[in-house]
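Visitor: Need coordinates for the following:
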Amino acid sequence: MSNLQMPSLGLGTFRLSGTQLTQAIHHALDLGFRHIDTAQIYDNEAEVGQAIADSSIKREDIFITTKVWIDNLHPDKFMASVEKSLEKLQTDYVDLLLIHWPSPKGKVAMEDYMTELNNCKFKGMTRAIGVSNFTPQLLEQAFACIGKESIEINQVEVHPYFQNQHLVNYCQTNGVDVVGYMPLGNKQILDDEVLKALAKKYDKSVAQIALAWQIQQNIATIPASTSKDHLQENLEASELRLTPEDMAAIAKLDTGQRLIDPGFAPNW
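Guide: As a prediction, the model looks like this:
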C-alpha cells in the first residue's frame, strides 16, 4: 500500500455538469465526503473548482483528483494543460494527478509523458501521481520510466461484473493502490439476484453492497451520485462488513467483460 492519505470513498463527477454537479458536490461535502474526482475530458473542472471554493470546507481538507487527457500527453502540451486544470479548479495543486489513458498506439512515448507527470510532482502541482486504465504490462513500462515507488494509484473499472482481479492483485502486490470507477457497472448490477438477496439480508441497497464489497478489498471507489439520499447511503456503505461467504458469492458474478472502452482501451 502506498502512503497516500486518500479517502476510500469519493464523489465521481463523470457525466455531471451544471447545477446537477454543483449540488452534488455541495451535498457530498455537507455529508462528510472529502474526495472529489474529475478529469480534463469531463469538461467540468471549472464547475468543480467553483463548487469547492463556494463551500465552507478548507481546500487542504479536500482530496482532489484530476486526469490528463490523451490529447495533452505530448511534452509540448502536458505541463500547460495541468496549469489550466489548476486554474479551473482554483487551486495551486491537486492531491492526485493521473494519466487518464495510455497514449493510443504509443503515439506519445510513455517515457515522455511519465517524465512530465513526475515533473508536475517535483514542481508542487500535485502531491501524488498515478495512472488510469493501465494493464500490468503497461505498469511495468511506467515503473521503468520513473520508478515503481513514484506511481501510487491505478484507477480502473471495477464492479461485481468486472472484478479485474488479476490487475487488482498485481497493483496491490506492487504497492500501487487501486481506485475503482464505475462501481455499479453502469447500473447493470442493480437487478442482480445475488446482490438483491444480500441487500435484503443486510437491509441495505444493492449499491451499498457493491460499494462495501469494493472497499472491503482495499479498493477505493468513486461513485457518481446527485441525490443527497444516495450520497448518504454511499457513506454508510463504507461501514458495512460482508462475510467471507458473501464475498465468495459476489466473486462468482464476474463476467470478465468491461463496460468502458473509448475505442483505444488496452487489452486487459
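Visitor: What segments of the stretch 101-250 of the chain are strands?
Guide: With DSSP state E, counting those that start in this stretch applied, the stretch 101-250 of the chain shows strands at 126-132, 151-157, 177-181, 219-221, listed in chain order.
Visitor: I'd like those laid out as TSV, including mean neighbour count and distance to Phe78.
Guide: C-beta coordinates here come from the backbone N, C-alpha and C atoms, glycine included. Formatted as TSV, these follow (neighbours: other Cβ atoms under 10 Å; distance: least, Cβ to Cβ, whole Å):
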stretch	mean neighbour count	distance to Phe78
strand 126-132	23	12
strand 151-157	25	16
strand 177-181	24	21
strand 219-221	25	25
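Visitor: For Cys120, find the nearest of the ones you listed.
Guide: The closest of the strands of the stretch 101-250 of the chain to Cys120 is strand 126-132. By Cβ to Cβ, the value is 5.3 Å.
Visitor: Okay, now the sheet partners of that closest one, with direction.
Guide: Taking DSSP bridges as the criterion, strand 126-132 sits next to strand 94-99 (parallel), strand 151-157 (parallel) in its sheet.
Visitor: Reformat those as TSV; add distance to Lys67.
Guide: Below are the strands paired with strand 126-132 laid out as TSV (distance: least, Cβ to Cβ, whole Å):
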stretch	distance to Lys67
strand 94-99	4
strand 151-157	8
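Visitor: Going along the chain, name the helices of this protein.
Guide: Along the chain, the segments classed as helices by DSSP state H run 18-31, 45-54, 78-89, 110-122, 136-146, 165-173, 193-202, 206-215, 228-237, 244-251.
Visitor: what about the ones you listed, which gets the closest to Pro183?
Guide: Taking Cβ to Cβ as the criterion, Pro183 comes closest to helix 206-215 out of the helices of the chain, the separation being 5.6 Å.
Visitor: Now the closest one - C-alpha only, PDB.
Guide: What follows is the C-alpha trace of helix 206-215 in PDB, where atoms were taken according to Å, rounded to 0.1, in the frame of the first residue of the first chain:
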ATOM      1  CA  VAL A 206     -27.700  -3.200  -3.900                       C
ATOM      2  CA  ALA A 207     -25.500  -0.200  -4.500                       C
ATOM      3  CA  GLN A 208     -24.400  -0.300  -0.800                       C
ATOM      4  CA  ILE A 209     -23.500  -4.000  -1.100                       C
ATOM      5  CA  ALA A 210     -21.400  -3.300  -4.300                       C
ATOM      6  CA  LEU A 211     -19.500  -0.400  -2.700                       C
ATOM      7  CA  ALA A 212     -18.900  -2.300   0.600                       C
ATOM      8  CA  TRP A 213     -17.600  -5.300  -1.500                       C
ATOM      9  CA  GLN A 214     -15.100  -3.000  -3.200                       C
ATOM     10  CA  ILE A 215     -13.900  -1.100  -0.100                       C
END
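Visitor: Show me which of the helices of the chain has the highest average neighbour count.
Guide: Most buried of those, by mean neighbour count (mean count of other Cβ atoms under 10 Å): helix 206-215, with a mean of 25.
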